[in-house]
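**Student:** sequence and predicted structure below; questions after.
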Amino acid sequence: MNSLPIRSTIIVLALFIVTAAQGQTNDWYMAPAIVYTDDDGDRNIDDSVAGGQIAVGREMTEHLSVEGLFGYSDINGYSSASESFPGQKHLDISANLLVFTNRDQSFAPYFLLGIGYLGTDFENGDEENRPSGSLGLGFKWRMGQSNMSIRGEYRARYAWDNCSGGCDSLTDSITSLGVQIGFGGGKREPARRSGFDSDSDGVIDHWDRCPATPRGTSVDDNGCPLVGDRDGDSDGDRVGDKIDQCPNTPSGIPVDQVGCSLDSDGDGVTSDKDRCPASSPGAVVDVYGCERDDDSDGVQNHLDKCPNTKAGVRIDFNGCEIKDIIRLPGVNFQTGIDQLLLGTESILRNAAATLKKHADLQIEVAGHTDSVGQGDANYGLSERRAKTVRDYLIRYGVAADRLTARGYGESQPISDNDTSQGRAANRRVELRIVNR
């Protein structure tokens, strides 16, 4: 290949890149790729992946990059039954301008414009050198938060007639796929755009863990203010001092967008002071974030059905004093059988918790029926109902030797058996304290 055009092209490339480098300081990159050549039909060579290229460039602004490209391909000549043509070696040197709509997107398309020289060596010993120009489209797809991107490109390379023997101009289609690796360079200026970097700190919203950083604040790779920085985050809560309304938050305490401790259960007590961070919604709490128990019986106010229990007395799971009988409202049975109605398991679980708390009590589980059916049959049914409840209490942790079961049939109604509501109330089980 004639060395004069090659040297000239290298000089042009150097001047192009050095001139561009006088602009805004940003990142250098290198982009190796494999190349597929779809040649002009007049070349008489095979379309193939037969070479590669490497580009070295610099990202100048949000929208522009400049690069120098060196490509080499060794392509077989076309052969048929009647004729054959020599293979060709292509040396492709160009200076390219890449125009992005927004280079800092995760997937960033671009338009390419280039000038250069294309040198060709033929297997039969001939050679030619042509000035060239390129137009193309490509994309850069960033790999997470790394400095590497997948890069793909398609360009039309037009080589002008530069032959003394009357050669024609040639147009080749060049497709490349490779990676772009960023290195060196100064700190990138904050991007001035909306939608992709809403706080203009140079970290796009997709990866920005602190998306409301004040403009001009120094940030780390996650877009959060640098701890200890003069304009950064003095208490290390990842909320910049310029917007931090609680600038002395203790270390490790989760905060909201203005740097104040979060209130995880919405009880009005922040997480750094809340001793009961899972309070029930709407519950009245004390200064420590714990639900109030005004009569100090161990049952929180919103569950306490007897809110004025005397101090020191035994209480059941409703916060009421245990006397001779612990009633279980809501523990009812279907007519004629010992099967509990739906929704009673939680009541029995609470009853078991009360009995375990008072381990000295001996309990008789007393079963009752309504007046439907024969008297003798009702006694047997009520005893089966009592045993059903006893089994549930044992399952929930009450010692079996503390529980006995007895049926009373229809002999002890607590409501009118003439109505369906009354009969449902009479189909019940009670816990009777047999010693104190």
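**Tutor:** Cool, the structure landed.
**Student:** moving C-terminal of the helix-or-strand element of the chain with minimal mean pLDDT, what's the next helix or strand?
**Tutor:** Scoring the helices and strands of the chain by mean pLDDT, DSSP states H and E places helix 3-21 at the bottom, with a mean of 51. Where DSSP states H and E defines the elements, the next helix or strand beyond helix 3-21 is strand 28-38.
**Student:** let's see the helix ranked longest in the chain as PDB, backbone CA atoms only.
**Tutor:** In the chain, taking DSSP state H as the definition, the longest helix is helix 375-395. Only the C-alpha atoms of helix 375-395 are listed here, as PDB (Å, rounded to 0.1, in the frame of the first residue of the first chain):
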ATOM      1  CA  GLY A 375     -82.300 -34.600  76.500                       C
ATOM      2  CA  ASP A 376     -80.100 -37.600  76.700                       C
ATOM      3  CA  ALA A 377     -78.700 -37.000  73.200                       C
ATOM      4  CA  ASN A 378     -78.000 -33.400  74.100                       C
ATOM      5  CA  TYR A 379     -75.900 -34.500  77.100                       C
ATOM      6  CA  GLY A 380     -73.700 -36.600  74.900                       C
ATOM      7  CA  LEU A 381     -73.400 -33.800  72.300                       C
ATOM      8  CA  SER A 382     -72.500 -31.200  75.000                       C
ATOM      9  CA  GLU A 383     -69.700 -33.500  76.300                       C
ATOM     10  CA  ARG A 384     -68.300 -34.000  72.800                       C
ATOM     11  CA  ARG A 385     -68.300 -30.200  72.300                       C
ATOM     12  CA  ALA A 386     -66.400 -29.700  75.600                       C
ATOM     13  CA  LYS A 387     -63.800 -32.300  74.500                       C
ATOM     14  CA  THR A 388     -63.400 -30.500  71.100                       C
ATOM     15  CA  VAL A 389     -62.600 -27.300  72.900                       C
ATOM     16  CA  ARG A 390     -60.300 -29.100  75.400                       C
ATOM     17  CA  ASP A 391     -58.400 -30.600  72.400                       C
ATOM     18  CA  TYR A 392     -57.900 -27.200  70.900                       C
ATOM     19  CA  LEU A 393     -56.500 -25.800  74.100                       C
ATOM     20  CA  ILE A 394     -54.100 -28.600  74.500                       C
ATOM     21  CA  ARG A 395     -53.000 -28.100  70.900                       C
END
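**Student:** quick thing: my sequence starts at 37, can you match it?
**Tutor:** Will do, 37 is the new start, and the previous item becomes helix 411-431.
**Student:** what's the helix or strand following that helix in contact with?
**Tutor:** Proceeding N to C from helix 411-431, the next assigned helix or strand is strand 439-443, under DSSP H and E. Outside strand 439-443, the residues within contact range by CB atoms under 8 Å, 6 or more residues apart in numbering are 398-404, 415-423, 425-426, 429-430, 470. All C-beta atoms are positioned from the backbone trio N, CA, C, and that covers glycine.
**Student:** what ranges in the stretch 187-336 of the chain fall below the confidence cut-off?
**Tutor:** Applying pLDDT under 70 to the stretch 187-336 of the chain picks out residues 198-203, 220-232, 242, 251-252, 262-268, 288-289, 299-302, 314.
**Student:** domain ranges for the protein?
**Tutor:** The chain breaks down by automatic domain parsing into domains covering 39-219, 226-294, 298-328, 361-471.
**Student:** from the chain's centre, how far out does the longest helix of the chain sit?
**Tutor:** 53 Å (CA atoms, centre = their mean, to the nearest Å).
**Student:** also stretch 329-341?
**Tutor:** 40 Å.
**Student:** now the strands for the stretch 287-436 of the chain?
**Tutor:** 361-368, 398-403 (DSSP state E, counting those that start in this stretch).
**Student:** now the helices for this protein?
**Tutor:** Under DSSP H, the chain gives helices at 39-57, 381-393, 411-431, 456-462.
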